[in-house]
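Chemist: Generate coordinates for the sequence data below:
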Amino acid sequence: MASHWQWENAAAGAAAGLATVSFSHPLDVIRTRFQVNDGRSLNLPTYKNTPHALFTIARTEGFRGLYAGFYPAVLGSTVSWALYFYFYSKAKQRYLRSRDVLSPGLHLASAAEAGGLVCFCTNPIWLVKTRLQLQTPLEAHPYSGFHDALRTILKEEGWRALYRGLMPGLFLQVTHGGIQFTAYEELRKVVINVRTEEIGDNFSTADDLLDSIDFAVLGASSKLSAILLTYPFQVIRARLQQRPSIEGVPRYMDSWHVVKETARYEGLRGFYKGITANVLKNAPAASITFIVYENVLNMLKLRKDL
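Modeler: Next comes the predicted model:
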């Protein structure tokens with residue numbers, strides 16, 4: 001029966017991604033602007049902290065500023081989550097053919113495989129999203145939207161520019177997703193085992209032991225552990241994906257250049273710029289993602305069984 005559920009995983013993932021972005025996008029804009037601000041560029045706005053950034057963007061740029069890059073964010077998140085859950089479930093099923101239970105290592109391998117495939121598919125969308133989020137009213141030649149940005153990048157920089165930040169993005173997808181999903185699966189097992197010991201066998205399936213509050217706590221906890229361990233990759237990717245200067249010269253040449261310059265001028269703190277906005281965005285967002293995903297998936301399974 002499980003082998004026929006791939007499309008349900010994709011549909012549940014897409015719904016989860018859409019709900020997540022709609023809720024948290026302003027914090028994503030703030031996080032991106034903090035990430036690229038190395039203190040050496042006069043063209044980038046400077047904010048004291050997350051509330052100050054939120055207030056300043058709302059005052060100077062309005063609602064559109066807080067939701068800059070919303071379309072590619074929705075598109076990227078919906079496609080990413082749909083593909084991620086689809087590839088993740090396929091990988092788990094492949095490993096389960098030769099064993100009854102997956103080990104933490106195989107959960108990690110499944111998540112890493114899914115993350116890598118998703119990264120190759122969606123990097124151009126995330127690059128456009130980053131550039132739209134970094135636009136301010138002072139921009140000399142701003143992009144008018146997603147399609148204009150895509151056209152302009154292809155015309156001025158070529159198709160290879162769409163894959164700037166791919167390597168840190170690949171590391172981020174593989175490690176972040178792997179850590180998050182492994183933590184989620186293992187914590188989920190712990191909760192189920194504790195509940196089983198408490199109430200015995202008075203339930204039909206393991207899913208009956210968990211509710212939306214459990215999914216919220218598990219999602220937020222697993223996300224927090226992944227953020228703390230992988231956040232520097234996000235900073236490196238964002239800095240690589242900035243729009244080149246008027247002369248067409250990128251601020252950073254490659255990932256190693258970002259690492260050297262950030263460590264030299266900003267130290268360890270530079271690799272964690274914007275992490276407060278990131279945690280505020282992603283911890284509750286992960287809760288929403290897994291609540292929606294688990295409940296939509298259970299609903300689709302029930303309909304299929306009728």
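Chemist: only C-alpha atoms for contact and neighbour calcs from this point on.
Modeler: OK.
Chemist: So G177 sits against G115, correct?
Modeler: Yes: in this structure, G177 is within contact of G115 by C-alpha atoms under 8 Å, at 6.1 Å.
Chemist: On the C-terminal side of the helix or strand where A14 lies, identify the next helix or strand.
Modeler: Counting by DSSP states H and E, the element that carries A14 is helix 6-36. Note on helix 6-36: by DSSP H and E, the next helix or strand toward the C-terminus is helix 50-66.
Chemist: Below-threshold pLDDT in the stretch 201-306 of the chain: ranges please.
Modeler: Residue ranges of the stretch 201-306 of the chain with pLDDT under 70: 201-208, 246-248, 302-306.
Chemist: Could you pull out the helices in it for me?
Modeler: 212-240, 255-265, 275-305 (DSSP state H, counting those that start in this stretch).
Chemist: try the stretch 51-200 of the chain
Modeler: For the stretch 51-200 of the chain, the helices defined by DSSP H, counting those that start in this stretch cover 70-96, 104-134, 146-157, 166-199.
Chemist: Which neighbouring elements make contact with the last one?
Modeler: Applying 3 or more C-alpha pairs under 8 Å, 6 or more residues apart in numbering; DSSP states H and E, one finds that helix 166-199 makes contact with helix 104-134, helix 212-240.
Chemist: to the chain's geometric centre, what's the distance from the first one?
Modeler: With C-alpha atoms, centre = their mean, to the nearest Å as the basis, the distance from the averaged C-alpha position of helix 104-134 to the chain average is 8 Å.
Chemist: Likewise for the shortest one?
Modeler: Centroid separation for helix 212-240 versus its chain: 8 Å, with C-alpha atoms, centre = their mean.
Chemist: Taking helix 275-305 as reference, get the angle to it.
Modeler: Here helix 212-240 runs at an angle of 130 degrees relative to helix 275-305 (axes from the mean of the first three to the mean of the last three C-alpha atoms, to 10 degrees).
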